[in-house]
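Participant: only geometry, no sequence info:
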């Protein structure tokens with residue numbers, strides 16, 4: 001089978017996986033971001049935080065950790081993900097500007113070598129703010145388990161420009177466009193891409209479209225069903 005998706009929580013699932021099983025980690029974990037005040041932190045509803053129309057997509061949890069607990073949790077699951085990867089495996093982690101320092105620290109604490117940041121330019125359609133800078137970018141923190149697997153491969157761009165709806169409408173509150181994921185998986189070796197936070201399955205779609213295999217998990221049943229339908233169709 002070219003893909004597997006499990007309807008479970010990421011951390012206990014990773015604990016059960018074998019060492020050296022996967023060839024790359026490409027994932028978009030919950031940011032636990034966007035809340036500036038304590039009242040935002042006691043909410044475990046991501047859609048209320050990120051959307052002006054909260055009922056547009058199914059809800060997901062895990063968005064109310066403070067910086068300290070987010071760092072600890074990220075280090076825990078990344079340490080287990082690192083154990084399941086083969087030597088040389090690339091790791092690509094999405095983050096926003098608020099959590100960028102936390103995620104770069106967690107990546108290194110988990111045993112990965114941090115190698116850089118790719119900027120995702122979401123275009124001028126994203127979040128205008130009168131009198132201030134537009135919130136136009138999110139980031140992909142990239143690195144590897146040990147030495148980079150491909151020292152002679154082609155150079156990939158360090159800024160990727162895709163509208164949020166490039167390739168079709170969003171299916172998840174924080175969903176990433178399929179053309180963006182197509183561009184990112186180009187640095188992965190042939191084999192199996194791991195995504196512990198599969199969401200609507202876009203990483204898996206990009207993996208399959210590129211001829212790679214995909215294994216992931218998604219604990220929210222609504223998104224698990226959406227992802228399974230997309231992966232089966234692919």
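Facilitator: Alright, I've got the coordinates. This one's a predicted model, so the numbers in the text were calculated from it and none came from an experiment. Residues are numbered from 1 along each chain as shown.
Participant: can you pull out the strands in the protein?
Facilitator: Along the chain, the segments classed as strands by DSSP state E run 3-6, 24-27, 90-95, 113-121, 137-144, 159-161, 192-195, 213-217.
Participant: of all these, which one is nearest residue 77?
Facilitator: strand 24-27 (9.3 Å; Cβ to Cβ). Heads up, the C-betas are built off the backbone N, CA and C, glycines and all.
Participant: the closest one packs against which elements?
Facilitator: For strand 24-27, the packing partners by 3 or more Cβ pairs under 8 Å, 6 or more residues apart in numbering; DSSP states H and E come out as strand 90-95, strand 192-195, helix 202-209.
Participant: which parts of the shortest one are buried?
Facilitator: Read it as strand 192-195. Using 16 or more other Cβ atoms under 10 Å as the test for burial, strand 192-195 gives 192-195.
Participant: from the helices and strands packed on strand 24-27, which stretch is densest packed?
Facilitator: Ranked by mean neighbour count under mean count of other Cβ atoms under 10 Å, the helices and strands packed on strand 24-27 are led by strand 192-195, which reaches a mean of 27.
Participant: who touches that strand?
Facilitator: The contact list for strand 192-195, computed with Cβ atoms under 8 Å, 6 or more residues apart in numbering, reads 21-28, 81, 84-85, 185, 203-204, 207, 212-217.
Participant: circling back to that earlier point, want to throw the strands of the chain into a markdown table with mean pLDDT?
Facilitator: Converted to a markdown table, these look like this (pLDDT from 0 to 100):
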| stretch | mean pLDDT |
| --- | --- |
| strand 3-6 | 98 |
| strand 24-27 | 98 |
| strand 90-95 | 98 |
| strand 113-121 | 98 |
| strand 137-144 | 98 |
| strand 159-161 | 98 |
| strand 192-195 | 98 |
| strand 213-217 | 98 |
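Participant: could you dump the ones you listed to TSV with distance to residue 60?
Facilitator: Below are the strands of the chain laid out as TSV (distance: least, Cβ to Cβ, whole Å):
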stretch	distance to residue 60
strand 3-6	16
strand 24-27	14
strand 90-95	14
strand 113-121	20
strand 137-144	17
strand 159-161	24
strand 192-195	15
strand 213-217	13
